[in-house]
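**Q** Requesting a structural model of the entry that follows:
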Amino acid sequence: MFRSFIMSDSDLEVERTMERPPSSYGSMRSDDREDDDDEFYPPPTVTVNVSPPGAPAGLRLQRPDSPETAITALTQDHQSSVHKEGAFLSQFELEQQMVRRVVNEAEEDYDISRERRRRVEPQEIMEVAPPEPPQNLRPPPEGVGLQSGTPHITLTLAYIFKAMQTSLSKLNPAELVWFKRSLCSQYKTKFEFSQLEESDVLDVVDHLLERRGKGEALHITIRTLQDISKRPIAEELEMTCKRAVIQYHLRNNHTRRYYNLYEGTCRPGQQRFVSHVYVEPPIFIRGDRDINTEHEVHRPNFPSNQETPIRASDIFRPLEGEGRIRTVLMTGVPAIGLTVGVQKFIMDWTDEHTNQDLHFVFSLPGRELHLVKEVDQSFMEMLASFYPETKNVNFLGDADCPVLFIIDALELCKQPLNFNSNPDISDLNVKAPADALFTSLIKGTLLPHARIWITCHRVAASKIPPQYVTRFTDLKGLADAQKDEYFTKRTKDPALGLRVLGHIKRSPALYSICQLPLLCWIVAFIYERRFQNPNYTEHPPAITTFYAQYVIVQTNRKIERYVGTGLEASRWKDEDKDFLVNMGKLALKMVLEERDVFYEDEVSAFDLKLEDVTNRGGISSEVLREGGDSSERGFSFVHYSMQEFMAAMYTYVTFRVKGKNVIEQQLKNKMAKLLKDRPVSDLYKLAVDRALASRNGHLDMFLRFLFGFVTPGTEAHLRGYLLPQYHPAPKGMDDVVKGCGQRFDPDNNPEAESAGLALKVHIQAVGVISVSLDEEQVYQRLVKPKPALQVNLNLRWYGSPVQD
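**A** This is a model prediction of the structure:
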């Protein structure tokens, strides 16, 4: 038997050597094997040269074609140019080797595989070595953030491949088969045993990495090793690739939490994918921190100071001449989309699209920071309470571990953030109060190499001293291009999205206020249901309806955040109603005085709480204007049309509930308010006279909103909130339509010629809608006004059935 393996020198030429043939990364078998699994493959053979005793003998191994792995492909260029004739063994070792093969051919195959791995190891070590930094690297393109393209060595494919190979090489042949069977049993939908049955360790590792990627392949390997009672090997592999394992679990955590979102209010089954509804809003470095200034009539008397625009994913990229950006503070008005922007940023990092230089991204929502234990604890213990996968992590403080902490919605954080009296913490394992940990993190004494992103409403920005902020940014509302993208993107039917968008554009006021993403959702949600089901409502939704829904949604969200979500807690209290009424009273005063900013003394004069005005209410925000008095805090509604709506709502609700007309003179009003059930014609007669008396049309939008409350179905949205649930219907509607027709007839009233176009068309719309139930008839009658109401109209701008 032994002589049968001895051959002459001429027989040393063989068809293949131990080296694996080139192929693409991850191929599990040769092409021939994939085409025909039943083909017979000869067992491995050994060719031996027997030399005189004492001389070294050459041994060359020959085996069938084997698939190429990524590590072999990457190291082809590093192989030596000197041809190796094989491993040189002594005569005694050669005889022992041949006996072992005859006795147990399977075990000898395993030894051959180990011999081949020993020859590949030097090449693998060369690949894992840290690469030299390339010269003259071009900066990454805009929109990808911090992405240099040179990952940490422990996160590279070569390092993870080597670690997995080393761990699985510690298994004997029987244990390796057990590993394969357990792998295919636990993950039946991902692996088949027939594909791995004849694979060696390199093939198994290659198969795992190709099919599942680095992080999931590591996770599956560790879990399978634990299942076959090889916990020491599993723990060693987990510690070797600790950074990659934690990154994998963190990405899974982010996917579960941020992949979906609820638009507006949470409804079971109504969640949407972030990528399906998100559009990138404009962001400016050191913006003017002002409200949106687009309006049909009102023109602000202050300059806009919007500075450098920047994309959301690039907020940590320094501009030319800037140094490292450590702390970014982003502000915005309520409902502008700060939290959704954070959600999209995290998902882009999770999906490996942007900011891949960051090893870890941790989100610390402001509404959850007050849940931290009151007892002293270390920063790592606090972080582990939010992210359990970070327990026992010892490299977070290393300078080569770039990490980002996102403190979202700082206005909801109940921590005092006392930067002056809190001690400075610099050790991750030192126990301290939670407030001291947060202030030390923002200051930079704790984790100085980490990056911090803070989002908040503008009023909460004063909690952070400016010397600890590297870059100030301001999130603006959606521009026209983003509005168009949102309405056409959020629906699966493009034709429906275009129809909704075209309908909204007929009303410039509605299209302007849609700069708020929350109002975009309300408008899109209502119109999509309207167009999908023609019997959904009797009348087309009016612009006043959307504003009313916005106020109701914001109030419900305030109750949910600050009061609770129970049945009793979610009911509106008297203080919630009083807040809206007082804000409307203040808004009416500002509309009549033609101004858009109010101050702290007015907040207290109208029995309002500063916290509700600046943060909780969701309809107003703090403003900071260039050239203003910095010592006096100014506030404004999120949009000037919101101020006009609140004024109209206060006027209408006060008249319907108390019978008081806030436009009447004081003496006459005291006598008339004794009759609470007054006809609404008393209200609108004075309102129309007041609007016609305005030479610049500053009351046009106010009057449009006021008429919107008497259109069919609009008042129903206020019932149960600001109006009683079973309040009687308004009286005198016929007199309203008749009186408006006479007041706006140019033949009878010369003042009508100089009144605003929006007001004229709006009054016609009220008269038509009140007697018509068909939307197309409404539009046709607006295009061809009745002879008694002929006026010079620009219908291409104002002709719209959605206007009140």
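
**Q** mind listing the strands for the stretch 301-450 of the chain?
**A** 309-310, 327-332, 360-365, 403-408 (DSSP state E, counting those that start in this stretch).

**Q** Please apply the same query to the stretch 601-750 of the chain.
**A** Assigned by DSSP E, counting those that start in this stretch, the strands in the stretch 601-750 of the chain fall at 620-623, 634-637.

**Q** CA atoms only for the first one - export them in PDB, please.
**A** The C-alpha trace of strand 620-623 is given here as PDB (Å, rounded to 0.1, in the frame of the first residue of the first chain):
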ATOM      1  CA  SER A 620     -46.500  80.000  19.100                       C
ATOM      2  CA  SER A 621     -42.700  80.200  19.600                       C
ATOM      3  CA  GLU A 622     -40.000  82.500  20.800                       C
ATOM      4  CA  VAL A 623     -38.400  84.700  18.100                       C
END
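
**Q** thinking Leu183 is in contact with Leu196, fair?
**A** Yes. In this structure Leu183 lies within contact range of Leu196 using CB atoms under 8 Å: 7.3 Å. From N, CA and C alone the C-beta is placed, and that goes for glycine too.

**Q** ok, those two, which is more surrounded?
**A** Leu183 (24 against 21; other CB atoms under 10 Å).

**Q** The strands of the stretch 301-450 of the chain: which one's closest to Pro728?
**A** Nearest to Pro728, of all the strands of the stretch 301-450 of the chain, is strand 327-332, at 41.9 Å by CB to CB.

**Q** Quick check: neighbours of that closest one in the sheet, parallel or antiparallel?
**A** Strand pairing for strand 327-332, determined by DSSP bridges: strand 451-457 (parallel), strand 471-475 (parallel).

**Q** Phe579 versus Leu722, what's the distance?
**A** Using CB to CB, to the nearest Å, one obtains 11 Å as the distance from Leu722 to Phe579.

**Q** Next: Phe709.
**A** From Phe709 to Phe579 the distance is 19 Å (CB to CB).

**Q** So those two - more neighbours on which side?
**A** Legend: neighbour count by other CB under 10 Å for Phe709 and Phe579, higher for Phe709 (26 against 21).

**Q** Could you double-check that that one sits in contact with Met649?
**A** Yes. Under the criterion of CB under 8 Å, Phe709 makes contact with Met649 at 7.4 Å.

**Q** got any residues that touch both of those two?
**A** Common contacts of Phe709 and Met649 (CB atoms under 8 Å, 6 or more residues apart in numbering): Leu718.

**Q** just to revisit the earlier point, comparing the strands paired with strand 327-332, which comes out most buried?
**A** Mean neighbour count (mean count of other CB atoms under 10 Å) peaks for strand 451-457 among the strands paired with strand 327-332, with a mean of 23.

**Q** Only alpha carbons, please: show that one as PDB.
**A** The C-alpha atoms that make up strand 451-457 are tabulated as PDB, following Å, rounded to 0.1, in the frame of the first residue of the first chain:
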ATOM      1  CA  ARG A 451     -20.000  64.600  19.300                       C
ATOM      2  CA  ILE A 452     -23.200  66.100  20.600                       C
ATOM      3  CA  TRP A 453     -26.400  67.000  18.700                       C
ATOM      4  CA  ILE A 454     -29.100  68.800  20.600                       C
ATOM      5  CA  THR A 455     -32.500  69.600  19.200                       C
ATOM      6  CA  CYS A 456     -35.100  71.800  20.900                       C
ATOM      7  CA  HIS A 457     -37.600  74.500  20.500                       C
END
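
**Q** Give me the helices and strands touching the helix or strand harbouring Leu176, please.
**A** Assignment of secondary structure by DSSP states H and E places Leu176 within helix 173-186. Judged by 3 or more CB pairs under 8 Å, 6 or more residues apart in numbering; DSSP states H and E, the packing partners of helix 173-186 are helix 105-128, helix 193-196, helix 201-227.
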